[in-house]
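# all I have is the shape, not the residue letters:
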């Protein structure tokens, strides 16, 4: 009998308890022993809940119980999750988590503590919800040098962008619908401003590089400024707009960004709609590989947490070797050095002479009378921004072919 | 220093040796020791090959060398691969393989022998080429009851069907192009008749069920009879035609098939083109999850083999718990019991009275003068075939929404 504790009885936590209960027979058959929840840590009362009797407000009860070998930390946020996780790992308990904030911020340190204590710190649910992505990337990594990792990492924004594209509605109206359906929070900033996707691409890139990628250094642009005309431009280019977290990986440097991108319809990520997520990695042997599924939600996220719990139970004596080292402050290239091709929307009528003078001969796209757009060559933000200063620019959007 | 042997120096074998060499620095860093090929078993001479000096024709040299802890069996076919694999596992060496024929035929037995000898028998490369699919499914499995698994499992047929759809060409012409590009063999039967996909869905389903799925019992229809008009019907239905291996999983029974299917464009597998493969699984917690990438090719397949090699080197003391038990002969439901909705092409003009008498009120599709088609309700093959006897049927094609 393996006894586990669940810290946090919100959406994910209750999903974890539910999934362990719902599939207890098949889990017991596969693990060769029952896996049972002994404690649920939460400061709230859940009197009518079928698992209410497992609720405790006392963290030390979990930390000091030698019967508990695995703890699921699904409370979110940095505090007290950071402190609790450290104590549990140092007490010789494996911890599994969906807490992207914590993994992105303290991943390197917590993985080191886990390694030193010969226990696991697993975080499959922190990126891509239920989609197995951390473990497969780690497996791919084994045989490949990874050139790039990119993905649609946030379901809320993907739902909004899908709505805007399919129904031709505004950002505000699509956001409202997402909120009504429970796909977006009342305060949607973390999602629509790209911070959630930023934490996730930081985790994926840290894993791929083996070096810590500081998410504060990743230039992050959300989707709040995407308007109906951007969508029309994308359509005219046989493309869709997606919020993409992306990293290009080199030995001593990584180029990372989170921003809305114009993605050609032939791109593997272009067809990923609604709340689904997808992660695409490119390795020097395997070429392109993509993982797709529900990036959020109670049971999908619980599925990943429970898979990690089971992995810990199965491998009591072994432990995963995920790790990344601290990196110097130069490791994430600054915004200015990132290169891409952009669609630049410019006020006024297309004045080919003026544009040619600056960029040379460029493809232009026109969808409205009062403005036009150009497709720039592959150029650094620094170069592009200095050129755009001279023009009545509305906005620039990165293009991915 | 981990020393490994590679059995078979064909396309995949040379890819394995190349990938281990190409990425030796990053592999050493990740595994914390160098991984080196000590022997390559092949009956041919490779005098000018940079690794030609490693060639041996003597299997016993590998089996009896205590330095060798992992062997990659990439020779293909049942003999002598079966005999060699058994001997190696019994000699306490882990074996990794891309040999779908062997895994589909003797997987249950070889996994048992591996378990008894506390070594690994891994076969990530046997399905989906370089795409991590076996390991992620095993991880998903841990927390889910799997309801279904389906996929585009053969790159050659997917290339041919993509060509037929995009260029409006015949099967013969698309096959010829695939052969010229090296995507199809001179004798393409194993691919175009669906046998390759059949082995792969048998392996995936065995893994998911924990019970052996006899591939001989899976009704397998290839793509040789798909004509241009089928493609036109699919287009009219906002769909594409794909060769799909699929299993619906129940506790005591599995419904498996390999056949060309009409797949709605909104389906996650519909956008998978050319030689790419995709595997979609549905679990009761995670819902739909898909894995996508290159299903064949020298380096992509080698990527999966090398990942398995590294897994064995890293986990010298642990071993994966993949296993499936023998099953009784009733486990795979017979063709007659499989249920689906079908498009049925019928000669002559749409005679609604005649059709209604048989099926009730059905949707019809018309794309040519000399024939018409109906979309049947969800019905068993047995029921459908008995009804179709009365009609001048051209063919039936399964529909997946």
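Received, thanks. A quick note: this is a predicted structure, and the numbers were derived from the prediction, not measured. Numbers count the residues shown, from 1 in each chain, chains lettered A, B, ... in the order given.
# spell out which parts of the stretch 1-150 of chain A neighbour chain B.
Contact residues (Cβ under 8 Å from any Cβ of the partner chain) of the stretch 1-150 of chain A with chain B: A:15, A:19, A:22-23, A:26-27, A:29-31, A:124, A:130-132, A:135-136, A:139-145. Where you see a C-beta, it was placed from the backbone N, CA and C, and this is true even at glycine.
# buried only: go through these for me.
A:15, A:19, A:22-23, A:26-27, A:30-31, A:124, A:130-132, A:135-136, A:139-145 (16 or more other Cβ atoms under 10 Å in any protein chain shown).
# among the residues of the stretch 1-150 of chain A next to chain B, name the ones in helices.
A:15, A:19, A:22, A:26-27, A:29-31, A:135-136, A:139-143 (DSSP state H).
# show me which pair in those is furthest apart.
A:22 and A:143 (35.6 Å; Cβ to Cβ).
# can you list the domains in chain A?
Following automatic domain parsing, one gets these domains for chain A: A:2-129+A:298-314, A:135-294, A:335-400.
# residue A:43 belongs to a helix?
No - Residue A:43 is assigned coil when assessed by DSSP: H, G, I helix; E, B strand; the rest coil, not a helix.
# contacting residues around it?
Contact analysis of residue A:43 by Cβ atoms under 8 Å, 6 or more residues apart in numbering or on different chains lists residue A:57.
# phi, psi of it?
phi -80, psi -10 (degrees, to the nearest 10).
# any idea how far it is from residue A:13?
Distance of residue A:43 to residue A:13, given as Cβ to Cβ, to the nearest Å: 12 Å.
# equivalent analysis for residue A:6, please.
5 Å.
# which other residues reach stretch A:376-386?
Under the criterion Cβ under 8 Å, 6+ apart, residues A:335-344, A:359-360, A:362, A:396 lie in contact with stretch A:376-386.
# what about residue A:277, how many residues nearby?
The number of residues packed around residue A:277, counting by other Cβ atoms under 10 Å in any protein chain shown, is 27.
# of the contacts of stretch A:376-386, which are in range of chain B?
Counting by Cβ under 8 Å from any Cβ, no member of the contacts of stretch A:376-386 is near chain B.
# of those, which belong to helices?
In helices, defined here by DSSP H, the members of those are residue A:359.
# separate out the buried members of the contacts of stretch A:376-386.
Buried, going by 16+ other Cβ under 10 Å: A:335, A:338, A:339, A:340, A:342, A:343, A:344, A:359, A:396, out of the contacts of stretch A:376-386.
# among these, which one sits closest to residue B:370?
residue A:343 (48.5 Å).
# who does the closest one form a beta bridge with?
Beta bridges link residue A:343 to residue A:375, residue A:397, judged by DSSP bridges.
# what pLDDT is listed against it?
According to the prediction, residue A:343 has pLDDT 96.
# I'd say it and residue A:365 touch.
Yes - counting by Cβ atoms under 8 Å, residue A:343 touches residue A:365, with 6.9 Å between them.
# shared neighbours of these two, anything?
Contacts common to residue A:343 and residue A:365, judged by Cβ under 8 Å, 6+ apart, are A:233, A:237, A:373, A:374, A:375.
# for the contacts of stretch A:376-386, work out which two are farthest apart.
A:335 and A:360 (24.3 Å).
# return the set of buried residues in stretch A:345-358.
Judged by neighbour count using 16+ other Cβ under 10 Å, the buried positions of stretch A:345-358 are A:345, A:346, A:355.
# residues contacting the residue lying closest to the first one once chain neighbours are set aside?
Just to be clear, that refers to residue A:345. Here the nearest residue to residue A:345 in space, its sequence neighbours aside, is residue A:394; by Cβ to Cβ, 6 or more residues apart in numbering or on different chains that works out to 4.0 Å. By Cβ under 8 Å, 6+ apart, residue A:394 lies in contact with A:345, A:346, A:347, A:371.
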